[in-house]
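> can't give you the sequence, but here's the structure:
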């Protein structure tokens, strides 16, 4: 992979990590089209995640600092006996809900009954590089489109009910409940398994289904993504150095890795700002159409490739699972 290809993948990662279109799905598509095999360049994926992690921390640095302050205040209240669940302020409530929202991610490491000790994370890794992975990506993108549509319809119903009762537009709940965090965490867990299922899209849609204010739901999804992205980077780092030694994990030049990381960071920053603006202006329906169109296209291409046995773009033979 050269520097130009690294920058292209960095742009794709930064743009799709935060827009509700699935970064894993789009990286799969672009790698498939470009004929790039990332199995020997796992460390590059880590660098892309680091880039997007920096961008979300920059956008939400004020909220992150408030949450750190809330953490120490909560610890003090717990040890002095002053902590009361029902009396948490907004920042403490968000902090606790973030912790609860991360708990379902541990389900990814629980062995699946009848799967020979494999867990959900193992299955996701097994799918990668197999010809069926591209087909799964297409159907998962269609799933993202459906989730976004359901979320939008749920928010419209909430707005209508509130308007009929009060005569004003529905703001949605701004304070999260435990069940909200649990359901959002479960939605995020599914997104971590299926390439093409958007993490930000699934968490936003679940928040809208629960009647949360859409901006609150989006901010929660992005901040929840900080430990999630960090965990993904750490896991990929471990996998990278376990693979076949540093020779494979550092198959890319330092220049290509840095270029990809910087591209992901810069584009990720603007992607977050764009999504927040589009949500405020109720213009997110474009993502419903986009993911549906791309999903159908990927399914069609995957079906053609399964029939021919070759990559439609590179002409390389497909890899079939034994």
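Ah, there it is. These numbers come from a predicted model, not from an experiment.
> quick one: contacts of stretch 95-103?
The contact list for stretch 95-103 (C-beta atoms under 8 Å, 6 or more residues apart in numbering) reads 67, 70-71, 74, 88, 176, 178, 180-182, 184-185, 188, 220, 223-224, 227-228. Backbone N, C-alpha and C define where each C-beta goes, glycine included.
> repeat for stretch 274-286
18-20, 148, 152, 200, 204, 214-215, 218.
> farthest-separated two in those?
18 and 152 (18.1 Å; C-beta to C-beta).
> which among the contacts of stretch 95-103 count as buried?
Among the contacts of stretch 95-103, those classed as buried by 16 or more other C-beta atoms under 10 Å are 67, 70, 74, 88, 176, 180-182, 184-185, 188, 220, 223-224, 228.
> tell me the one of the residues you listed nearest residue 264?
Looking across the buried ones among the contacts of stretch 95-103 and measuring by C-beta to C-beta, the closest to residue 264 is residue 228, at 15.6 Å.
> mind listing the helices for the stretch 201-322 of the chain?
Counting by DSSP state H, counting those that start in this stretch, one finds helices in the stretch 201-322 of the chain at the ranges 214-243, 246-249, 254-280, 285-308.
> how about CSV for the contacts of stretch 274-286, with neighbour count added?
Formatted as CSV, these follow (neighbours: other C-beta atoms under 10 Å):
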residue, neighbour count
18, 30
19, 24
20, 28
148, 27
152, 19
200, 27
204, 30
214, 22
215, 15
218, 25
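> returning to what we had before: filter the contacts of stretch 95-103 down to the ones in helices?
Taking DSSP state H as the definition of helices, these contribute 67, 70-71, 74, 178, 180-182, 184-185, 188, 220, 223-224, 227-228.
> mean confidence for stretch 272-291?
In this model, stretch 272-291 has an average pLDDT of 92.
> 38 is where my numbering starts, stick with that
In the new numbering, first residue 38, that becomes stretch 309-328.
> start and end of that stretch, how far apart?
18 Å (C-alpha to C-alpha, to the nearest Å).
> buried sites along it?
Neighbour counts over stretch 309-328 (16+ other C-beta under 10 Å) mark 309, 312-313, 315-316, 321, 324-325, 327-328 as buried.
> tell me the one of the residues you listed nearest residue 94?
When the buried residues of stretch 309-328 are compared against residue 94 (criterion: C-beta to C-beta), the nearest one is residue 309, at 10.6 Å.
> ok, now how distant is that closest one from residue 322?
Separation of residue 309 from residue 322 (C-beta to C-beta, to the nearest Å) stands at 19 Å.
> so which of the helices of the stretch 238-359 of the chain is nearest residue 48?
Nearest to residue 48, of the helices of the stretch 238-359 of the chain and by C-beta to C-beta, is helix 291-317 at 5.1 Å.
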